[in-house]
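In: My questions are about this predicted structure, shown below with the sequence.
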Amino acid sequence: MDNYVCKWGIVGSGGVVEEFLSSLKYSERQIARGIFSTNATGAKILAQEHQLEFFSSIEELVESSKVDAIYIASPNSQHFQDAKKALAAKKNVLIEKPCCTNSDQVLELLDIARGQEVLVAENLWICHLPGIGELLKQIEEGDLGEIKSVDINVGFDLLGRRLSMSKYQLFMRRIFLKFWPRVILNPLIPHGISALDRNNFFEPIPHLSKSKMQGSLMDFGIYGLSIIQLITSNPILIDVKSRTINEIDVWTTARIKDGHTTLNFSCSLFFPEQNFIRVRGTKGSLTLPNVFEPTKLIKKPLGEPNGIIEFPPVGPRFVSLLNDFEMALKNHVEKNLISRDILATYRLLDSIKKEINCE
């Protein structure tokens, strides 16, 4: 096993695949060998750029002896079926988030993986970053005392970015979204605003689709829910608020309890989120700004000077996760790569989706 090199086959050809390939360059024991995608043109371009073998079908790829691990980066709605095919071929599998639609599918994948004696994991790369690790360490050491509240905020201003707004327009749009929820900056009028029906918000970005398992919960909320599983032991959903447009949940907030701890969770597709985690205890607080690219953890003990713990750059986003995947294979780890219960995460997701009629 000391000389083992993990040979990856890739399913998909989107931007996330480029990120995956860039991250592989930081490992001496992992290499990409083949690729398949329903977008054959895109897959062939990647194959040529990265010296990969192009496969004409997913079945051909997963059955190939040239690969022993499969990275699933197909559209969200295909993740479950594609993962089943890879596991059935006794391949180790890394699935882009969300790995499944619901907890029943997660349970089925876990059962197949155990039966085949292979590893299945979800690409929740932020849970492998040094910032999250340090946050959990500080909580476990008890320096905060009893944890009273946790705020987790994740999201992306997808509409503003997709419309290629200028920095001025994005700033003004954030102001109006905050104070006048039914008014947004019209990108066609550089210094003006336009009142628009929110049901039309997604006309400029038709790639979003409920049938493709897209929305604030599946695209971003799953990150926050996974972090909740890292912090809590028995999270119970108390209440949920959400806004859906064209059957897509565009923002969702939830209040969750775990004993005496209250967790406030929010995710969004078009509100400008701050992307942070804040943990408050009886002896102080911790704040991790910019969850997706954390460079520091702010520690505020009660009655003492504030402290800052800084983190070095980690390179491409998936490097830490791929290192953990490699260690899991080396040590024959028959579980998820991080200390969380993936099944519990998706059961919590199920309960939120049921409350907002987004199953």
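Out: Nice, thanks for sending it over.
In: For the stretch 101-250 of the chain, which segments count as strands?
Out: Secondary structure of the stretch 101-250 of the chain (DSSP state E, counting those that start in this stretch): strands at 120-123, 147-155, 183-185, 193-195, 236-245, 248-258.
In: so of these, which one's packed in deepest?
Out: Most buried of the strands of the stretch 101-250 of the chain by mean neighbour count (mean count of other Cβ atoms under 10 Å) is strand 120-123; its value is a mean of 26. All C-beta atoms are positioned from the backbone trio N, CA, C, and that covers glycine.
In: What mean pLDDT does it get?
Out: Mean pLDDT, computed over strand 120-123, is 92.
In: In contact with residue 47, which residues?
Out: Residue 47 makes contact with 35, 53, 54 under the criterion Cβ atoms under 8 Å, 6 or more residues apart in numbering.
In: Can you tell me the closest non-neighbouring residue to the last one?
Out: In other words, residue 54. In space, and not counting its chain neighbours, residue 54 is closest to residue 47: 4.3 Å by Cβ to Cβ, 6 or more residues apart in numbering.
In: what about that neighbour, helix or strand, and which?
Out: Per DSSP states H and E: residue 47 is located in helix 40-50.
In: Also residue 85?
Out: Counting by DSSP H and E, residue 85 is part of helix 79-88.
In: Quick check: buried residues in that helix?
Out: Neighbour-count burial for helix 79-88, with 16 or more other Cβ atoms under 10 Å as criterion, is recorded at 79, 80, 82, 83, 84, 85, 86, 87.
In: Let me know the closest of those residues to residue 285.
Out: Nearest to residue 285, judged by Cβ to Cβ, of the buried residues of helix 79-88 is residue 79 at 36.4 Å.
In: distance of that closest one from residue 93?
Out: Distance of residue 79 to residue 93, given as Cβ to Cβ, to the nearest Å: 10 Å.
In: which residues do those two both contact?
Out: Overlap of the contact sets of residue 79 and residue 93 (by Cβ under 8 Å, 6+ apart) consists of residue 72.
In: looking at the strands of the stretch 101-250 of the chain, which is closest to residue 292?
Out: With Cβ to Cβ, the closest approach to residue 292 among the strands of the stretch 101-250 of the chain belongs to strand 147-155: 8.0 Å.
In: Contacts for the closest one next, please.
Out: 139, 216, 220-221, 223-224, 227-228, 231, 251, 260-269, 271-282, 291-292.
In: Name the spans of the protein whose pLDDT lies under the cut-off.
Out: Counting by pLDDT under 70, the chain contains low-confidence ranges at 1-2, 157-213, 270-273, 332-340, 358-359.
In: Tell me how it divides into domains.
Out: Following the assignment in automatic domain parsing, the chain carries domains at 6-124, 130-313.
In: among those, which is nearest residue 346?
Out: domain 6-124 (3.9 Å).
In: What is the end-to-end distance of that closest one?
Out: By Cα to Cα, to the nearest Å, the extent of domain 6-124 from end to end equals 20 Å.
In: Likewise for stretch 113-126?
Out: End-to-end for stretch 113-126, by Cα to Cα: 23 Å.
In: among the contacts of strand 147-155, which are in helices?
Out: Per DSSP state H, helices hold the following members of the contacts of strand 147-155: 139, 216, 223, 224, 227, 228, 231.
In: From those, pick the one nearest residue 321.
Out: residue 223 (12.7 Å).
In: I'd like the distance between the closest one and residue 44.
Out: According to Cβ to Cβ, residue 223 and residue 44 sit 32 Å apart.
In: now do residue 230
Out: Taking Cβ to Cβ, one finds residue 230 at 39 Å from residue 44.
In: next one: residue 52
Out: 9 Å.
In: same question, residue 87
Out: Distance, residue 87 to residue 44, using Cβ to Cβ: 26 Å.
In: residues of stretch 96-114 that come out buried?
Out: In stretch 96-114, counting by 16+ other Cβ under 10 Å, buried: 96-103, 105-106, 109-110, 112-113.
In: So if I had to pick from residue 223 and residue 44, which one is more boxed in?
Out: residue 223 (22 against 15; other Cβ atoms under 10 Å).
In: dump the residue contacts of that one.
Out: Neighbouring residues of residue 223 by Cβ under 8 Å, 6+ apart: 97, 124, 126, 127, 154, 267, 291.
In: what about the fourth one, neighbour count?
Out: So that's residue 127. 23.
In: From what I see, it and residue 228 are in contact.
Out: No: in this structure residue 127 lies outside contact range of residue 228 using Cβ atoms under 8 Å: 11.0 Å.
In: on that earlier part again, could you point out which element follows the helix holding residue 47?
Out: strand 53-54.
In: other SSEs contacting that following strand?
Out: strand 30-36, helix 40-50 (3 or more Cβ pairs under 8 Å, 6 or more residues apart in numbering; DSSP states H and E).
In: same thing but at 10 Å, please
Out: Counting contacts by 3 or more Cβ pairs under 10 Å, 6 or more residues apart in numbering; DSSP states H and E, strand 53-54 is packed against strand 30-36, helix 40-50, helix 58-63.
In: List the pairing partners of the first one within its sheet, with orientation.
Out: In this case it means strand 30-36. strand 6-11 (parallel), strand 53-54 (parallel) (DSSP bridges).
In: Of all those strands, which one comes closest to residue 347?
Out: strand 6-11 (26.3 Å).
In: The closest one vs helix 79-88, what angle?
Out: Angular relation of strand 6-11 and helix 79-88 on a 0 to 180 degree scale: 140 degrees, by axes from the mean of the first three to the mean of the last three Cα atoms, to 10 degrees.
In: distance between strand 6-11 and the chain's centre?
Out: Taking the mean of its C-alpha atoms, strand 6-11 sits 20 Å from the chain's own mean (Cα atoms, centre = their mean, to the nearest Å).
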